[in-house]
Each structure stands twice: as structure tokens, then as C-alpha cells.
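*Asks:* give me coordinates for this.
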Amino acid sequence: MTAEAVNLSEKLSKFSEYWSPKVVSRFNGHDVMVVKVKGEFVWHSHADTDDFFLVLNGIVTIETELGNVILEPGELYVVPKGVQHRPVAQEEAHILLIEPKGTPNTGDAKTAAQKIEI
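*Replies:* Just a heads-up that it's a prediction; the model follows:
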């Protein structure tokens, strides 16, 4: 255990690839991650868990079968479990994600990005 704050800007500066979540902390069996996004992600859903998105910078649209949600810095949206969705960003944006450890980012372990702790 450490008594040290997690600096999200510092963590984000350590990588450049898009759609590749990086674990920056854990709590109660959940991964806390940062991810850089640009363009469109794949349509997917999570059968067993909601999907939490908090935009740190940039603008991200969460397209869902229920309608689209446009998120600006400091705004969050939780996609209910089972709802088809995909994040889209016209320009680079940074997102904080929280999900149960082991949840594949595409909803399918075979196509999911490998989560790396940084």
C-alpha cells in the first residue's frame, strides 16, 4: 500500500495509442483506467455490468441504441448493462473508465484490448 495520489495527466502522458485502456488504480474489485480515444470504437454491450465513462478532456459522444449522449470535460455517463453502445470522438479525447476487473472493453474477451497497469 502507498499513500500517494494518482496523477491522471502524468499517466496519460505515458502512452499514445488509442482505445487501449491503462489501469491506474483498483478498488473493491474494480479497475480504474484512463484511455485515449479518437475515431469510432466498435458497437458492443456488457451483459453483466454497466459501463462508466467520465470525460477528462475533449468531447466524446456515447452512441447508444437509446440515443446519443454528448459528453464534455467533467461530464459522465453510465451505459446500462446490456445496452448496445460505442464511444466516438472526432478529435483526441481522454476518458476515465471504471469497471469490474476483467471486463473486456469490447464486451468479448476474444476481441478486447489487453489492459496494462501503468
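
*Asks:* quick check: bridge partners of the residue nearest the centre of the chain?
*Replies:* The centroid of the chain falls nearest to L97 when counting by C-alpha atoms, centre = their mean (3.8 Å). Using DSSP bridges, the bridge partners assigned to L97 are M33, F53.

*Asks:* same thing with L71?
*Replies:* V60.

*Asks:* now do the contacts for it.
*Replies:* Going by C-beta atoms under 8 Å, 6 or more residues apart in numbering, L71 touches F53, V55, I59, V60, T61, I62, Y77. For the C-beta atoms, the positions are set from N, CA and C on the backbone; glycine is no exception.

*Asks:* tell me where the chain has strands.
*Replies:* Under the criterion DSSP state E, the chain contains strands at 22-27, 30-40, 51-57, 60-64, 67-71, 76-79, 85-100, 116-117.

*Asks:* follow-up on the earlier one: which one of the contacts of L71 is nearest to E91?
*Replies:* Set against E91, the nearest of these by C-beta to C-beta is I59 (7.3 Å).
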